[in-house]
Every structure is written in C-alpha cells, then in structure tokens.
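S.K.: This is a predicted model, with the sequence first.
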There are 2 protein chains.
Amino acid sequence: MAAPGQWEMEKGIPLSRPAHLLRDVPLPAAVVFESPLTHNLAWMQRFADEHGAKLAPHGKTTMAPALFKRQIEAGAWGITLATAVQTVTAHAHGIERVLMANQLVGHPNMTLVADAIEAGMEFYCVVDGVDNVRDLGVFFAERNLTLNVLIELGVDGGRCGCRTAEQVETLVAAVAEQPALALVGIEGYEGMIAGGNEVAAVRAYGERLVETVRTLQDSGVLQREAPIVTASGSKWFDLIAETFDRAELREHYTPVLRPGCYVVHDHKLYAGAMEAIKARDPDLEGELRPALEVFAYVQSLPEPGLAIIALGKRDIGHEPDLPLPLRRYPRGAEGSEWVDVSSWRTTHIMDQHAFLEIPENADIAVGDVMAFGTSHPCLTFDKWRRVLCVDESLKVTDVMTTYF
Amino acid sequence: MAAPGQWEMEKGIPLSRPAHLLRDVPLPAAVVFESPLTHNLAWMQRFADEHGAKLAPHGKTTMAPALFKRQIEAGAWGITLATAVQTVTAHAHGIERVLMANQLVGHPNMTLVADAIEAGMEFYCVVDGVDNVRDLGVFFAERNLTLNVLIELGVDGGRCGCRTAEQVETLVAAVAEQPALALVGIEGYEGMIAGGNEVAAVRAYGERLVETVRTLQDSGVLQREAPIVTASGSKWFDLIAETFDRAELREHYTPVLRPGCYVVHDHKLYAGAMEAIKARDPDLEGELRPALEVFAYVQSLPEPGLAIIALGKRDIGHEPDLPLPLRRYPRGAEGSEWVDVSSWRTTHIMDQHAFLEIPENADIAVGDVMAFGTSHPCLTFDKWRRVLCVDESLKVTDVMTTYF
C-alpha cells in the first residue's frame, strides 16, 4: 500500500475503501477482475504441473509484486524477468529466485544483481557472446560471487541467442575459462519464430533446446545436478510443454516454462492463441480467461457516429490491436446495468483520446463509462502505477502497485 | 526528490551524486540535456512574448513538476493539462493556474478539480456539449463554486469541439442557464487539421477562433474582462501566434498559446516542424533544440548486420518513428569518445528490445552504449518515473520525478 499522498498524486485513486469503480474512481483506470485472475493463476500452475515442468511466470508483464507473490503462492518455482532493475525490484519484494531471460550487460546493472545475490537471491541469466561472458566473469570474480548462466539458443533472423552448435561450443569454452560463472543450462524463446509452419518450427526448436542441454550434460560441462532447460512465451506454451514433457527431463533436468500474459490473459491476441491451443488439444480442461480491462468516460459526441473517449495511448496498449470496446455503463450506473458494445470499433488513438465508431443512433451519452479490453496485456500494465482489483460488482477489492 | 528506497525500486537510479550517466546509471535511462532545455524554455517564452500572447505550456508532455516550475519561472502564464488527475497533480506541486484543454467528465474527476479550486487553484476547462454543461452546472452549484469554462471549437472529422456556429449558440444558452459556470472564452486545437492546404486551414481555424470570441464578447455573454482565446500544439504554433497577434487581442483579450513538446523538442517529427516554421519566417531568431535522449546498452550481436539493444517500447516512444540511433559510446567510455551512428537504423522494437540494422563490419561491441533520439517526446516521458538531467559531459546534474 502506498502512502496517501502518493495515491492522490499518481492516478487519483481514492483512499476510502471499499470504493466502487464507477462511483468513486476518477477514470480512466486499469482494473483486474479477481475471479478470472484467481482462475488463471491456478490454471497455468496446474498445466505446468501436469507436464512435469516448473513455472517461472514472466513478471515483466505486470511488474506487480502483489501478483508475483500470488504466482509463487500458487506454486511457481520462481519469477522470470527481463532486466536487472526488474530483478532487484522483485527481490526487494520478497522474490527469492529470479530467472532473467536476458543478457546481463553494463557494470551498473551487474552491481545491482551482485548486491541482490549477496543478499541471498538465487539468480540465473543468459549468455550468448564471449565478450559478455568475459565481462561477467571478471566482474563477478572481483565480487567473489558465482553467477549462474544459461546459454541462450536463438533462431536465424530472431533476437538474441546462439544460432549454431559451433557458437554454443565456443561459448561453453569461454564460460569454462571464468571460474566465477556456473553454466547450469539452456534457454530459448520460441516467440521469435514467424512464418511458414510455425507449429512445426516451435516443436523443432523445443527439441533443439532439449538436445542441446542433453549434449552439454553428457559432456560434463553443466554445473547443476538437474540442469535447466527453459523456454515459452504465452502463445505456444503448450508446444514447449509437450516437448519438455518426458520422463528423462522430469527425472534428471529442471524444465521451466515462462509464460507471462496468462495471468490476466487478453481479449484478442492471446484469446486467439488460446483457441489454437484448444484446437491442438481438444481434451484440454478449461482455459484462460481475460481479467484486465480499462474503464474510461465518454468525453464528447461531436458528430453522428463518432464518440471521443477519455482514454489514450498513455492509458491502454494499442498494439497489435486498438482497444476493444466491451461494455457501456450508462451515466450513474453502478455496475449491473450495462450494454454489450463489442460491435463498436476503436478507429484511432492519441495520447489522451480514443476515437470510437458507433452507430449513428447509438444510445450513448457524455459521462457514460466504457470498459475496454486489450490485445497483449504487457503494454497496458506499464501505463499504470496502481492497478485496481475489482469483484464482479465493480467494488474495488485491492489496489496493486506496479514498478516500471 | 524521492526517498532512497523508491530510487532503487523504480528504475535503479543511483543515489550518490554527482553520478555519471555511463559509469553509474543502470541503463536504459532517459536523459534531458540541460543546455538545450534551458535554451528552449527561454526561446518559446520570448516567441510568445513577441507575439503578445501568454504561454501555457502543455504539461502532459512531461508531467514533470520540476519542468512546470521552470516554465513558470521563465514567464509562463499557467500550465495546460489534459486530465483532472494531471491537473490536481500540478496544483499539488505549486502550479496555481491550470488550463485543462479537455472536457471535465465524471463526478470523481469533478471532485478532484473542485477540491483544488476550493484550495485556491485558478482553473479553466472546455465544454462542447449541453449534457456535460448541465452536469458541471449542477455539480459545481452543489459545491458552491464557480467553474470557468471555454467553449471548444472543433473541425469536421476532428476530435472534440463544436463544429458549427449554431452549436456554439446552443452551448452559450446552456451555459447561461448554469449560474455556477462562467463562460470566459474560446478554445481550439489546430493539431487535428490534416490534408489539403494545411497551413491555410490552420490560419483559417485561428481566424475562426478569433471571430468567435469577438462575436461572443460583443454579445455580452463572456464573464471575463479580457476573454481567453487559446489554441496551438507544437507543430503550428507560429501560425496560431500570428493569427492571434493583433493590437485588439493584445489590449482586450487574453490570447494563450499551448505548445508542450517544445521544452525538449525532438529529433524528427518536431525537428521537421521547426524547419517548416523557419521556412515560413526566414527572419526567425534561433530555433528549438532537441534535449531528450534515451541511453541503452548493446545487448547482443547475434548475426552480422544486426545489433540487439536493451531498449524497448517500455523505455522509449516508437511512433511515428522508431528510435533514432545518434551516437555510440565504446564500452568503458566516459562521455567524450563517441561515434556518430545516425546512419544506422532501428528496424523493429519489442517490449524490452530494439533491433538495429548496422553495417556488417560495424565497430560495435556488447556493452557499448547507444544514445537514441525520439520522434514525438510525449510517449517517451511517460515511460519513466525519473528522468535524469545531464550536462554535456554526461554528469547527472538533477533527477526529475514524473507523475503519470
């Protein structure tokens, strides 16, 4: 909980609780519905458990330690993060095991991480180049600390990561020269695969990760009893989970899945991915449910067929899809009286305004509240320092602080 | 200044000052160069002064009260803002006069503003519809407060605002029925004009604003001795300033310009606008200079011709143009040794990574630092809770807190 002054400063969230979203909160506001959130936390943990994998949810999605805590309580092995600052933020909020699915670069970033390791954090990061390996080796040796590293495997035309087995070999040798570095496994991110038969390519990439960790284990260069093999964003986690789901990995390795968006899911991009996952496994029990919405006022009705909403790029993500109108609450409504407006369409968004194409005879008034869904939740969370948890009646049940 | 704990939490900015950007700060970090900032503050104020206009810089660009304060100290009449929460944030940081260039919608937002007016804030907002006028009238009457409103004029196909003289008449009558509302002028935003002869259209729109405020003044409905007429974003402020620059307005009205981006300017969108302004007035003295950059590490060099930078959509604006590479500082450099890399090109950006197309034989290493410019500064500021001020040697001279 933040101090009262901060509340009022930062996005005007009222202090007096229980507050009601429509009556008390100066909109726009980002909200997470408690019921689908709780469902998603359990659903993904069970999914990982059933595939014999550990879950290290990607925390960069929300950067909300309150959610990290719930993910750990639900059974997660650790939290995945993208940067050194995110890592130390999570550690300062009680997260004891962090997998940084990125290279650790720059002495100030190394210092942050080293301090947290010294304070007890269990930490893993990835390497894909000999210069970085040398830098890390020298730095952590000077600090008298051991840094756990995973070799990152990349795909041609992708992002970071070794493209070839030769590059992996070179890197293994470079790590071996640095006593401060402990090589403990293999990391990849299949989310960069695009074009052609993507499903087959993701499966093949998962196999390549498994083969590589096996080869390294057999050659005795891995310094962890159950070496880590990890991949998976939020789109193809089922394919990676299947590839990792074998007795050998369950017994002798630590397979780790790292989806992030699942915790609040979404209304389009990952909703579509979920449909594909269900199509690949018709026996799959249940599914993820969208939990994140942004509420905003109708600000102006300047021309027939056009509504201007007090909601902009600073309030909600707009990629790959513009905000998705879901429901309209008439001015003064307190939650139960709403109208489905999912046939309406956002046509344009500016810093502080969205343009909505509506029927010319639409029942709508300035002061009405609109609820919007998103396509890809990560770029909505980072617009907010406070995210409200609400129940189905739109009563505010909790306020989560984010650290972007 | 934030408390130590917050620093470390929020973006890892070091406490010990004087800090050096390249040596001490965990990158990425957003920085404002002190010298062009100081120049821009004075340049725009003098521009407004010379045109007989007041300056109310749009504060939504930076949401940095430290900059609001410097804008006021440089001579600004007030600060323009976009939302009720921005407004009360500015007021809580000592800004006494706010022009909210938007409709005030929703009782929680009205409550925030009413509380600040009660505490002494001089406040103006805009109206463009009778429902909103009625809501405001009833709300502020109940609070026993007077709310200053400006009628917003819009353009066909644009954003908010009355499209026709008849709509203005209707609105004037609606305001007159609300004793709690004081109609004090006319507001517009020429930034929505697009297509055709834009320069002529902006001038004509400026004239329409002037004609409208005159007509209302002549009809005796304005309740301010020197009624306000206000417009101007950061692209065509010269055209609006010229339209407002006449003896009649200087003597009997309060013309107000509201550019926001000028304070840090940019490296492309507004740099281009500045070129056009100079072309329209070859005698113009001086010009705005870019002051905002984002510094980030080279994270990976996975393939020839490709560099992955630890810089993403969460660190820098990427619309209308992807981040613009400016300079490369070799690993370990402390500021003076840099290489111009403005011929390099960002080809793609993700949440936490940018993809840079570089020459195959480029002199570059993981751990090098890159400085990037932006196109449109607003959507870079809102990625940061702390923005560093630096001098030309990259020494950190100040740390500004933002309130998004």
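M.R.: Sure, I can see it.
S.K.: Where does the residue of chain A positioned farthest from its centre sit: helix, strand or coil?
M.R.: When each C-alpha in chain A is compared with the mean C-alpha position (CA atoms, centre = their mean), A:Asn361 comes out farthest, at 39.9 Å. State at A:Asn361, reduced to three classes by DSSP: H, G, I helix; E, B strand; the rest coil: coil.
S.K.: Give me the pLDDT value at it.
M.R.: Looking at A:Asn361, its pLDDT reads 93.
S.K.: Could you do A:Pro14 as well?
M.R.: With respect to pLDDT, A:Pro14 scores 49.
S.K.: quick one on the thing from earlier: how much space separates the residue farthest from the centre of chain A from A:Val369?
M.R.: Distance, A:Asn361 to A:Val369, by CB to CB, to the nearest Å: 20 Å. All C-beta atoms are positioned from the backbone trio N, CA, C, and that covers glycine.
S.K.: A:Ser232 too?
M.R.: Here A:Ser232 is placed at a distance of 37 Å from A:Val369 (CB to CB).
S.K.: So which of the two has more stuff around it?
M.R.: Using other CB atoms under 10 Å in any protein chain shown as the criterion, A:Ser232 and A:Val369 rank with A:Ser232 on top: 31 against 26.
S.K.: number of nearby residues for the nearest residue to that one once chain neighbours are set aside?
M.R.: Leaving aside its sequence neighbours, A:Ser232 sits nearest to A:Ile240 (CB to CB, 6 or more residues apart in numbering or on different chains; 4.0 Å). A count of neighbours around A:Ile240, defined by other CB under 10 Å, yields 29.
S.K.: Could you pull up the mean pLDDT of stretch A:236-243?
M.R.: For stretch A:236-243, mean pLDDT rounds to 98.
S.K.: Report the distance from it to the chain centre.
M.R.: Remark: stretch A:236-243 is offset 17 Å from the chain centroid, using CA atoms, centre = their mean, to the nearest Å.
S.K.: what's the weakest-modelled helix or strand in chain A?
M.R.: Using mean pLDDT, DSSP states H and E, helix A:4-10 stands out as the lowest-scoring helix or strand of chain A, at a mean of 41.
S.K.: which strands and helices sit next to the helix or strand that that one is followed by?
M.R.: Counting by DSSP states H and E, the next helix or strand C-terminal to helix A:4-10 is helix A:21-24. For helix A:21-24, the elements it packs on are helix B:107-118, judged by 3 or more CB pairs under 8 Å, 6 or more residues apart in numbering or on different chains; DSSP states H and E.
S.K.: ok, and what's touching the helix or strand hosting the residue nearest to A:Ser232?
M.R.: Element membership for A:Ile240 (DSSP H and E) is helix A:237-244. Applying CB atoms under 8 Å, 6 or more residues apart in numbering or on different chains, the contact partners of helix A:237-244 are A:47-48, A:51-53, A:190, A:199, A:202-203, A:206-207, A:209-210, A:229, A:231-232, A:255, A:257, A:259, A:262, A:277, A:280-281, A:284.
S.K.: So what touches the helix or strand just after it?
M.R.: Next along the chain after helix A:237-244, taking DSSP H and E as the criterion, comes helix A:247-252. Outside helix A:247-252, the residues that touch it by CB under 8 Å, 6+ apart are A:Gly52, A:Val210, A:Gln217, A:Ala226, A:Val229, A:Pro255.
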